[in-house]
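**Student:** A structural model of the following input is requested.
(one chain, ligands or ions: 1)
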Amino acid sequence: MSFKTEAFVLQAREWQKADRLYELFTPQEGVIHTILRSAAKPGNKLAGHMLPFCRVRVMIGRGRLDHLAGAAIINDYKNIRTDLKLMSLAAAIVELLLKDKSTENKHLEYRQVEKIFDLLDDTKISFEKKSILVRVFLWKYLSLAGWQPELDTCLFCRQIIDSQQASQYLPGRGIICLEHKENSYLPINPELLVFLRSINTLDFEEFIKINISNKTKKEWLKVSQVYYQTVFDQPSQALKILPYA
Ligand SMILES: [Zn+2]
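**Tutor:** Numbering: from 1, shown residues only. Sure, this is the predicted structure:
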């Protein structure tokens with residue numbers, strides 16, 4: 001059996017002999033692994049279409065190991081692939097997608113990936129804005145995948161936390177009010193809370209216009225690192241190296 005699908009090329013690595021293994025992100029099943037036979041042999045046309053960060057249309061032969069039977073580029077995101085800093089942002093997205101092991105329908109997530117890659121490739125948007133967008137992507141993606149934190153009421157006493165109030169982040173769960181103090185909780189200033197609440201309701205484009213203070217950026221970075229760590233049980237390499245956002 002074989003089927004056609006769109007996909008993002010996440011990673012390629014050497015496989016047995018001259019074969020190559022590709023990890024692709026698909027709307028139907030999330031991450032799939034597929035083998036391209038003789039990829040390393042000169043004249044293999046398919047291999048030339050399967051560059052990392054490309055959006056492709058592929059034909060997959062289903063078997064004990066899926067194999068690649070056809071490939072065409074839809075968008076090669078040339079601006080991303082020729083800029084090291086942008087590649088590090090794209091790599092942060094790839095790292096997240098590779099960690100998500102669920103194989104259910106990923107159409108909504110796929111659309112978000114398409115959107116963020118289009119924006120990273122857009123030369124009119126600054127690098128700093130793009131790194132903010134990547135962090136927004138992380139929050140949107142984890143929420144879609146079922147890890148949305150509670151951001152409306154205190155997890156302990158259930159009082160509603162309004163947009164003027166400072167609060168704290170309880171790792172993996174959401175916010176708590178200042179009545180429950182402990183050093184392991186991360187501070188969330190009112191600006192950050194309003195910002196976090198907006199992530200799932202606003203489109204990516206809106207975040208190009210929004211400006212947040214440096215203090216909020218720093219708090220957001222810490223909360224994001226802990227959020228990621230509690231979901232995947234390991235730190236994000238990408239969040240460690242990303243200087244902004
Ligand atoms: Zn409380």
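**Student:** packing partners of the helix or strand hosting I32?
**Tutor:** Under the criterion of DSSP states H and E, I32 resides in strand 30-36. On a contact count with 3 or more C-beta pairs under 8 Å, 6 or more residues apart in numbering; DSSP states H and E, strand 30-36 meets strand 20-26, strand 55-61, strand 67-75, helix 84-99. (Each C-beta comes from the backbone N, C-alpha and C, glycine too.)
**Student:** can you pull up the bridge partners for T34?
**Tutor:** Beta-bridge partners for T34, by DSSP bridges, are Y22.
**Student:** surely G61 touches L36?
**Tutor:** No: between G61 and L36 there is no contact under C-beta atoms under 8 Å: 10.8 Å.
**Student:** please enumerate the shared neighbours of the two.
**Tutor:** Counting by C-beta atoms under 8 Å, 6 or more residues apart in numbering, the residues touching both G61 and L36 are H67, L68.
**Student:** quick one: which of the two has more around it?
**Tutor:** L36 (23 against 15; other C-beta atoms under 10 Å).
**Student:** list the contacts for that one?
**Tutor:** D19, R20, L21, Y22, N44, L46, A47, M50, H67, L68.
**Student:** quick one: the nearest residue to it once chain neighbours are set aside and the ion, what's the gap?
**Tutor:** Counting by C-beta to C-beta, 6 or more residues apart in numbering, L68 is the residue found nearest to L36 once chain neighbours are left out, at 4.4 Å. Distance, L68 to the ion, by C-beta to the ion, to the nearest Å: 53 Å.
**Student:** L68: neighbour count?
**Tutor:** Residues within reach of L68, counting by other C-beta under 10 Å, total 24.
**Student:** isn't it right up against N44?
**Tutor:** No: using C-beta under 8 Å, L68 is not in contact with N44, being 10.4 Å away.
**Student:** so for stretch 126-136, what gets flagged as buried?
**Tutor:** Neighbour counts over stretch 126-136 (16 or more other C-beta atoms under 10 Å) mark K129, K130, S131, I132, L133, V134, R135, V136 as buried.
**Student:** quick one: distance of the longest helix belonging to the chain to the chain centre.
**Tutor:** Of all the segments of type helix in the chain, defined by DSSP state H, the longest one is helix 214-232. Here helix 214-232 is found 14 Å from its chain centre; the criterion is C-alpha atoms, centre = their mean, to the nearest Å.
**Student:** and it with helix 84-99, angle?
**Tutor:** Relative orientation of helix 214-232 versus helix 84-99 (axes from the mean of the first three to the mean of the last three C-alpha atoms, to 10 degrees): 30 degrees.
**Student:** packing partners of the longest strand along the chain?
**Tutor:** If you go by DSSP state E, the chain has its longest strand at strand 2-14. For strand 2-14, the packing partners by 3+ C-beta pairs under 8 Å, 6+ apart come out as strand 20-26, strand 55-61, strand 67-75, helix 84-99, helix 107-121.
**Student:** among the ones you listed, which comes closest to W147?
**Tutor:** helix 84-99 (11.6 Å; C-beta to C-beta).
**Student:** let's see that closest one as CSV, backbone CA atoms only.
**Tutor:** The C-alpha trace of helix 84-99 is given here as CSV (Å, rounded to 0.1, in the frame of the first residue of the first chain):
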residue,chain,number,x,y,z
LEU,A,84,22.3,30.2,10.7
LYS,A,85,20.3,32.2,13.3
LEU,A,86,17.0,31.4,11.5
MET,A,87,18.1,27.8,11.3
SER,A,88,18.5,27.7,15.1
LEU,A,89,14.9,28.9,15.4
ALA,A,90,13.7,26.3,12.9
ALA,A,91,15.7,23.7,14.9
ALA,A,92,13.8,24.7,18.0
ILE,A,93,10.6,23.8,16.3
VAL,A,94,12.0,20.6,15.0
GLU,A,95,13.2,19.6,18.5
LEU,A,96,9.7,20.1,19.8
LEU,A,97,8.0,18.1,17.0
LEU,A,98,10.4,15.2,17.4
LYS,A,99,9.7,15.0,21.1
